[in-house]
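[1] got a sequence here, can you build the structure:
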Amino acid sequence: MIPFSANRAMDGKNYATPVLVLNCKLGALAIMRTLGVLGVPLYGIDEDHRSPGLLSRYCRERFIRSYAEEKEEEYLEYVLQVGKKTGKGTILIPTSDDLSVFVAKYADPLSGYFMFPKNDPFLFRNLISKEGMYRLAREHSVPTPHTIFPKKPDDVLEWSGDCQFPVMLKGIHGNRLQKKTGKKMVIINSREDLIANYRELEDPERPNLMIQEYIPGDDDQIYIFNGYFDDRSECLAAFTGHKIRQFPVHVGCASLGVCTWNPKVAELTTGFMKRIGYRGILDIGYRWDSRDGLYKVLDINPRVGQAFRLFVSEEGMDVVRNLYLDLTGQISVMPSVPREGRRWVIEDMDIISSYHYYREGTLRFGDWVRSFRNLEEGAWFSVKDPVPFFHMVGKLTGKAARFVAKRA
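    Model prediction:
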């Protein structure tokens, strides 16, 4: 580890400004590590003291508080109290959709203690809603899969008579659907399955399901853009890559990914964000459609994504470091060169997803071994920060034991 004096690194930058992370799950652990090795003072708020980010050795102090939309003013007061402890000018980084909207909504009171990119809360609500995102994409001529938003079972019955299967049944707010059902989306192969799944998964009181065109192709046709936009919506850092495996398979997050430069995805995204006036870190996903040769936007996360450490430049920069240097007035104007071919893995998720790919016959052992070529970093493992990894291993071992007992 590089020695530091007064939080000033050998690169000449000053890293004394503290950072407070809201929601300290896996993405927060990566934030703790990428800034912690630079000597940045780091703090975290989460409802669970065992959350990965709070287990990091780089987290100086842990604050335990849950966020609920119906009690967000209480949460605001708590965050402001923490701000008094960390000091004025602390950088605030939310890592969930709900908390990104929260920060945008309460920007005025939060600005008394914190620094963060300022955005329109209405824009953020549209971006985290797949319905709002779909309409924004259409408005700005960004390709997106054809989607309908039924409000009642009769809408599904009427539409399903003419549709081509398979289709995707998704949550407009994916996290809300996952919390209710354990799923964010389902691949549907027939009219009967569509009607049955809609009735099972939909909440009649708060309709949250959409039906989306299914784009054929393997999981490695899903592309990710990771970037940072300044207060003029100029892109100061742009990275692209694609998924190799997903968890859950075919419908989930990247369990193994590779950093590869895709100029079309980068150009499409930076133009879109400039037109809508977006600021801050962005994580956005596309699927390439071989039928028409277009990259079609699937989801937009107006925040740091948990896979942001997949994307690192030859100079060691990532979007979180870019945000830190920009907000502290130390941003470099030199463009970053992405580390082409760099691979990154979420260890526990990839073990499980690899097993499922193997069971379905799409992953052979030799291909699995070769898939780790150029692997540079894991989401959990770190020699300098081992506690979160061992905590994950304990949980994974428990899952494996329960799985074996169930099979037995």
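[2] what comes up buried for whichever helix in the chain runs longest?
    In the chain, with assignment by DSSP state H, the single longest helix is helix 387-407. Of the residues in helix 387-407, P388, F389, M392, L396 count as buried by neighbour count, 16 or more other C-beta atoms under 10 Å. In short, each C-beta sits where N, CA and C put it, glycine included.
[3] could you do stretch 292-305 as well?
    Buried residues in stretch 292-305, counting neighbours by 16+ other C-beta under 10 Å, are found at L294, Y295, K296, V297, L298, I300, N301, P302, R303, V304, G305.
[4] other SSEs contacting the longest helix of the chain?
    Judged by 3 or more C-beta pairs under 8 Å, 6 or more residues apart in numbering; DSSP states H and E, the packing partners of helix 387-407 are helix 52-55, helix 347-359.
[5] ends of stretch 44-56, what's the gap?
    End-to-end distance of stretch 44-56 (C-alpha to C-alpha, to the nearest Å): 10 Å.
[6] just the residues contacting that stretch, thanks.
    20-29, 31-33, 36, 42, 59, 62-67, 78-79, 82, 380, 385, 387-388, 391-392 (C-beta atoms under 8 Å, 6 or more residues apart in numbering).
[7] and for stretch 287-298?
    Stretch 287-298 is contacted from outside by 133, 137, 142-145, 215-217, 221-223, 264-265, 268, 284-286, using C-beta under 8 Å, 6+ apart.
[8] I'd like the buried residues of helix 387-407 laid out as a markdown table, including distance to H242 and pLDDT.
    Output for the buried residues of helix 387-407, formatted as a markdown table (distance: C-beta to C-beta, whole Å; pLDDT from 0 to 100):
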| residue | distance to H242 | pLDDT |
| --- | --- | --- |
| P388 | 26 | 98 |
| F389 | 26 | 97 |
| M392 | 25 | 97 |
| L396 | 26 | 92 |
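[9] want to try a markdown table for the residues you listed, with distance to W159 as columns?
    Shown next, in a markdown table, are the buried residues of helix 387-407 (distance: C-beta to C-beta, whole Å):
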| residue | distance to W159 |
| --- | --- |
| P388 | 45 |
| F389 | 47 |
| M392 | 42 |
| L396 | 41 |
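[10] tell me the spacing between K395 and K406.
    Computed as C-beta to C-beta, to the nearest Å, the K395 to K406 distance reads 17 Å.
[11] just to revisit the earlier point, among the contacts of stretch 287-298, which are in strands?
    Here DSSP state E is the test, and those give I222, Y223, I284, G285, Y286 as lying in strands.
[12] what is the nearest of the residues you listed to F116?
    I284 (19.3 Å; C-beta to C-beta).
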